[in-house]
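Q: Below are the sequence and a predicted model; questions follow.
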Amino acid sequence: MSAKHNVIFTIAPGGNLQGSLRVPGDKSISHRSIMLGALAEGVTEVSGFLQGEDNLATLNAFRALGVKIEGPDKGKVTIHGVGMDGLKAPTAPLDLGNSGTAMRLLCGLLAAQAFDCVLTGDASLSTRPMRRVTEPLARMGAKVETSATGTPPLTCHGGRALKGFEYEMPVASAQVKSCLLLAGLFAMGETCVIEPAPTRDHTERMLMGFGYPVDVDGKRICVAGGGKLTATSIDVPADISSAAFFLVGASICPGADLLLEHVGINPTRDGVINILRLMGADIELLNRREMGGEPVADIRVRYSPLKGITIPEAQVPLAIDEFPVLFVAAACAEGETVLTGARELRVKESDRIQVMADGLRILGVDATPTEDGMVIQGGKIGSGRLQSHGDHRIAMAFAMASLRASGPIEIEDCANVNTSFPDFVGLATGVGLKVTQVSA
Ligand code: S3P
């Protein structure tokens, strides 16, 4: 576990978002590009790779597993694939930092290898639930140990022959789905995962891009073991989860007019656009195109008065990472916003229901956390000193609240913004947010 400096964001009230920007690459797609590129035969070239700490943890893990990887250099990565049987035993535990995606996906892949391997993470990752992957993996014949409470570190025991199976997932989780599909690549027979609701489908799309057949029939997704991946090139679009801060920022900021370039708008990720539009946001998708199997667009967003809504539960998995900043949108909307069916938010990088409610209340917002969501009455945003609890998305969400605040907002513990959005302060300042950072 690495100790980090306490980075503090200070944001002056007001500001106006204008101009255009390209936010960094998609985190989910960047992780998968390394994983599948490593297992492929041949050389995979990636551009637009997110050079955030989470993805660098995945990249370094694969280097430790014997894969030659060049870069990252300005988003370019070259992966010399070792094929399905080419990974080597690492000489030390793999430290996956803050990244739940890296840990859960790697766990599926490593449970099927010939060697043993230990996966560790930082203080936050070390509290996150892992039985959601280790239990179904055990049904495939894998042996992965957790702590007594079901958290990391994980010990993946190698040399076990996995068998395909059918699994009805109790939670809508792309990480669980992807973990089992990756294990399924190495299993005998077919592995089928049934989702309770659609979740991000980057693994399925990218497997097909590497020439690996995936059978998708509604909520049932199957792969057969024993195939191979063929190297390809991957252009990673800008991350809609990072664009989300600016979609909300411009929506709540009178006079704002912003163009977000080359953003991934995969329909399993576009809940933030759907929810903001239901609230009355002015969002236009321009120049829609398809890049390497993923839909992409430039997004124009202009200020528009928002109104409170009851968020449709079907949108929850499609916007699962965007709720911290959607809560800020709700706080600036007229009337009441109600979120239900989002219990998963309690086991993200922080308990995002409690931490956001605590922060909003410090800013004078009437926010009531519930077991599986939140009720927020829109109103005025005050000022104050807030805790992000080391959660990147909490820090950036509260930074956007300053656009409507009556005084300065200070946010503690922001170092982890680098896990998903390197140079957030630089890019946000460039379009008009009055944010500065100090490292204590
Ligand atoms: C991710 C899936 C989501 C999301 C996470 C990234 C992925 O988690 O919250 O940030 O890349 O598969 P769950 O699938 O567990 O909801």
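A: Noted; the coordinates are in hand. Note that the structure is a prediction, hence the values are computed from the model and not measured.
Q: avg pLDDT for the helix or strand harbouring Leu106?
A: Using DSSP states H and E, the element containing Leu106 is helix 100-110. In this model, helix 100-110 has a mean pLDDT of 98.
Q: Mind checking if that helix is in reach of the ligand?
A: Yes: using CB under 6 Å from any ligand atom, helix 100-110 comes into contact with the ligand via Thr101. C-betas here are computed from N, CA, C, even on glycine.
Q: Not counting residues beside it along the chain, what's closest to the closest residue to the ligand within the chain?
A: When scored by CB to the nearest ligand atom, the chain has Ser28 as its residue closest to the ligand, at 3.2 Å. Using CB to CB, 6 or more residues apart in numbering and skipping the chain neighbours, the partner closest in space to Ser28 is His202 (5.1 Å).
Q: how about the one you found, what does it touch?
A: By CB atoms under 8 Å, 6 or more residues apart in numbering, the residues touching His202 are 26, 28-29, 32, 174, 178, 266, 294.
Q: so which pair among those residues is furthest apart in space?
A: Ser178 and Glu294 (15.3 Å; CB to CB).
Q: Look at the two and report which has more neighbours.
A: Counted by other CB atoms under 10 Å, Ser178 and Glu294 do not tie: Ser178 has more neighbours, with 30 against 22.
Q: which other helices and strands contact the strand or helix carrying that one?
A: Element membership of Ser178 [criterion: DSSP H and E] is helix 174-184. Packing partners of helix 174-184 (3 or more CB pairs under 8 Å, 6 or more residues apart in numbering; DSSP states H and E): helix 27-39, helix 100-110, helix 131-139, strand 190-194, helix 202-209, strand 220-224.
Q: How about that helix and the ligand, any contact?
A: Yes: counting by CB under 6 Å from any ligand atom, the ligand is contacted by helix 174-184 at 174-175, 178.
Q: need the residues of the stretch 151-300 of the chain near the ligand, please.
A: 173-175, 178, 199-200.
Q: Now with 8 Å, please.
A: Within the stretch 151-300 of the chain, the positions near the ligand by CB under 8 Å from any ligand atom are 171-178, 199-200, 202-203, 241.
Q: in this structure, which spans are helices?
A: Secondary structure of the chain (DSSP state H): helices at 27-39, 53-64, 100-110, 131-139, 174-184, 202-209, 240-252, 271-278, 323-332, 352-362, 392-401, 424-430.
Q: what about the second one, near the ligand?
A: Right, the one you point to is helix 53-64. No: using CB under 8 Å from any ligand atom, helix 53-64 never reaches the ligand; the gap is at least 8.8 Å.
Q: just curious, which of the residues of the stretch 151-300 of the chain next to the ligand is nearest to Met84?
A: Looking across these and measuring by CB to CB, the closest to Met84 is Thr203, at 15.8 Å.
Q: wait, isn't the closest one in contact with His31?
A: No: contact between Thr203 and His31 fails when scored by CB atoms under 8 Å: they sit 9.6 Å apart.
Q: Return, as residue ranges, the portions of the chain with sub-threshold pLDDT.
A: Along the chain, segments meeting pLDDT under 70 span 1-3.
Q: Specify the residue ranges that define each domain of it.
A: 3-25+237-439, 27-235 (automatic domain parsing).
Q: Distance from the first one to the middle of the chain?
A: In this case it means domain 3-25+237-439. 14 Å (CA atoms, centre = their mean, to the nearest Å).
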